[in-house]
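In: For reference, the sequence and a predicted model appear below.
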Amino acid sequence: MKPIKYVSVIVTYNRKPLLIEAIHSMLAQTTPAQKIVVVDNCSTDGTDQAMTSEFGDNEKVDYLRLPENVGGSAGFYQGLARAKTYAADWICLADDDAIFAPDYFTKLSQAAKRYPNYRVLTGTVRLASGPIDHPHRERLMNTATLSVKPVADAEYEHNFECDIFSFCGVVLRRNLIDQIGMPEKDYFIRFDDFEYALRAQKLTKFYNVSDALITHKTTDEGHKISPWKEYYVTRNRVAMTKKHSTNMAIAHLYLVYVMIRKLTAMLVVPARRKVARYLTKAYINGYVDGYRNRLGRNEAFLPGKNY
């Protein structure tokens, strides 16, 4: 049985040590990639020099450095466009802090051969501290509000279907990408993967191979509030809901409810009270821009902004 032919895409920004570890985990696969496309969002931490010294002579690694930070969404757009120039049946999308177990693609390859009707395959994402990182594999609970719930831990004891994936180890068949098009490049960060999953699930079910493992070495396990990120979370969620909701009357009410919850949280959560002024600006601007479909990079909400 021949293994699947795939190209892997990694998008990075200022995570040099993790990126190098992630690439090495790709190169160590028992079912190797045809090519590893690395998209660098104009990192300022010496990533370009490290890529040259570490992988400059490695023909498997295709390094693309962008002239400015266009965000993860446009990074995946650029990476996917580059990946499509190579001859491969499947394309993997991954973050720069995703460390793949050596047999990840061997196990997905076996599933692809055994279950050819699935055109999206995923594996289990665990935090470095051990627990399953639930937001990467979810189920859609309401097509009007696009609300989701994580797959329960008990289901990871066997393989399962899910409705929503993140760009952390998802592997998509090339002909599916040709049908659904490219990711939303103007989301900057957040919800570009969710929106892409909504398009994909109209054409295929997703199959999670639970013993195919990724360690997600994120520096934020969900405990921190990043006000600049909240702008994009709010804006893109609104824009995505407008695009995909099956009942916008219900969706409008739900989005108002979500906004009220966010504003209330600023009053009761100490960490949020400290940045309440900036959060309020992020939420209101994000809400308005999402409804008006004003997407792209917003200079008022970028990494490193003081607040």
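Out: Sure, I can see it.
In: where along this protein do the helices fall?
Out: Taking DSSP state H as the test, the helices found in the chain are 16-27, 47-55, 71-83, 104-114, 174-180, 192-200, 227-244, 248-268, 270-273, 276-291.
In: you'd agree Asp45 is up against Pro17?
Out: No - the pair formed by Asp45 and Pro17 falls short of the contact definition of CB atoms under 8 Å, at 9.2 Å. For the C-beta atoms, the positions are set from N, CA and C on the backbone; glycine is no exception.
In: ok, which stretches of the stretch 51-200 of the chain are strands?
Out: Taking DSSP state E, counting those that start in this stretch, the strands of the stretch 51-200 of the chain run over residues 61-65, 90-95, 98-100, 120-127, 137-142, 147-150, 160-162, 164-165, 170-173.
In: now the ones you listed in TSV, with distance to Val258, mean neighbour count and mean pLDDT?
Out: Converted to TSV, these look like this (distance: least, CB to CB, whole Å; neighbours: other CB atoms under 10 Å; pLDDT from 0 to 100):
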stretch	distance to Val258	mean neighbour count	mean pLDDT
strand 61-65	36	17	97
strand 90-95	25	25	96
strand 98-100	28	23	97
strand 120-127	25	22	97
strand 137-142	13	18	97
strand 147-150	9	15	96
strand 160-162	22	18	97
strand 164-165	17	25	97
strand 170-173	25	24	97
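In: Take the ones you listed and write them to JSON lines, including distance to Asp192.
Out: Putting the strands of the stretch 51-200 of the chain into JSON lines (distance: least, CB to CB, whole Å) gives the following:
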{"stretch": "strand 61-65", "distance to Asp192": "18"}
{"stretch": "strand 90-95", "distance to Asp192": "10"}
{"stretch": "strand 98-100", "distance to Asp192": "16"}
{"stretch": "strand 120-127", "distance to Asp192": "16"}
{"stretch": "strand 137-142", "distance to Asp192": "15"}
{"stretch": "strand 147-150", "distance to Asp192": "16"}
{"stretch": "strand 160-162", "distance to Asp192": "18"}
{"stretch": "strand 164-165", "distance to Asp192": "12"}
{"stretch": "strand 170-173", "distance to Asp192": "12"}
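In: Look at Phe105 and say how many residues are nearby.
Out: Number of residues near Phe105 (other CB atoms under 10 Å) recorded here: 28.
In: oh sorry, the question was meant for Ala81
Out: Burial measure for Ala81: 15 neighbouring residues, criterion other CB under 10 Å.
In: For the closest residue to Gly71 other than its chain neighbours, give its distance to Leu172.
Out: Counting by CB to CB, 6 or more residues apart in numbering, Phe188 is the residue found nearest to Gly71 once chain neighbours are left out, at 3.5 Å. Using CB to CB, to the nearest Å, one obtains 22 Å as the distance from Phe188 to Leu172.
In: Pull the contacting residues for the nearest residue to Ala300 once chain neighbours are set aside.
Out: Nearest residue to Ala300 in three dimensions, chain neighbours excluded: Asn285, at 7.3 Å (CB to CB, 6+ apart). With contacts taken as CB atoms under 8 Å, 6 or more residues apart in numbering, Asn285 has the following neighbours: Tyr231, Arg235, Asn298, Ala300, Phe301.
In: So Glu54 sits against Ile20, correct?
Out: Yes - counting by CB under 8 Å, Glu54 touches Ile20, with 5.7 Å between them.
In: Report the separation between Asp178 and Leu172.
Out: 10 Å.
In: Low-confidence regions, the protein specifically.
Out: Low-confidence segments of the chain (pLDDT under 70): 1-3, 220-224, 304-307.
In: Show me how the record splits it into domains.
Out: Recorded structural domains for the chain (assignment: automatic domain parsing) are 6-216, 227-291.
In: Just name the most buried of the ones you listed.
Out: domain 6-216 (a mean of 19; mean count of other CB atoms under 10 Å).
In: Determine the longest strand present in this structure.
Out: Secondary structure of the chain per DSSP state E: the longest strand is strand 206-216.
In: Mind listing the strands that one pairs with, and their directions?
Out: Paired strands of strand 206-216, with direction, are strand 98-100 (antiparallel), strand 120-127 (parallel), strand 160-162 (antiparallel) (DSSP bridges).
In: looking at the ones you listed, which is closest to Lys84?
Out: In this view, these are compared for proximity to Lys84 by CB to CB, and strand 120-127 is the closest at 16.5 Å.
In: now what about that closest one, what contacts it?
Out: Counting contacts by CB under 8 Å, 6+ apart, the residues outside strand 120-127 that touch it are 90, 98, 104, 107-108, 111-112, 132-133, 136-137, 156, 162, 165-166, 168-173, 176, 200-201, 204-216, 218, 221.
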